[in-house]
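**Student:** just a sequence and a predicted model for now, questions to come.
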Amino acid sequence: MRLELFAYDNGFRVDKLGKLYNINGREYSTCKRNGKERFYIRRNKKTYSILVSRLQAFQKFGDDLYKYRLVRHLNN
């Protein structure tokens, strides 16, 4: 299972401003690593790092996200 799909199925959502929310609707903490916002989620006793931008792209494009190697980011 793809990590973005796993996070989405577990209630994580990103709004249009890029803020991450958990299943309860509360803002979820993120950290910046190498200039990219990410969050951590546990699955089968292992911790995974997921980029917030990838989850946001998954919300917009669904499984089409996995057809391509990268997602183009547009600023402003």
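**Tutor:** Received, thanks.

**Student:** mind checking the backbone torsions on residue 34?
**Tutor:** Taking degrees, to the nearest 10, you get phi 60, psi 30 for the backbone angles of residue 34.

**Student:** identify the single longest helix in this protein, thanks.
**Tutor:** helix 52-61 (DSSP state H).

**Student:** what helices and strands are in contact with it?
**Tutor:** Helix 52-61 sits against helix 3-9, strand 13-14, strand 36-43, with contacts defined as 3 or more C-beta pairs under 8 Å, 6 or more residues apart in numbering; DSSP states H and E. Glycine gets a C-beta too; all of them are placed from N, C-alpha and C.

**Student:** what comes into contact with whatever helix or strand comes next after the second one?
**Tutor:** Where DSSP states H and E defines the elements, the next helix or strand beyond strand 13-14 is strand 20-21. Contacts to strand 20-21, defined as C-beta atoms under 8 Å, 6 or more residues apart in numbering, come from residues 12, 13, 14, 15, 27, 28, 30, 37, 39, 52, 55.

**Student:** mind checking which of those are buried?
**Tutor:** Buried residues within those, counting neighbours by 16 or more other C-beta atoms under 10 Å: 12, 13, 14, 28, 30, 37, 39, 52, 55.

**Student:** just want the most central residue of the chain.
**Tutor:** Central residue of the chain (C-alpha atoms, centre = their mean): residue 55, 2.7 Å from the mean position.

**Student:** quick one: contacts for that one?
**Tutor:** Residue 55 makes contact with 4, 7, 8, 12, 13, 14, 20 under the criterion C-beta under 8 Å, 6+ apart.
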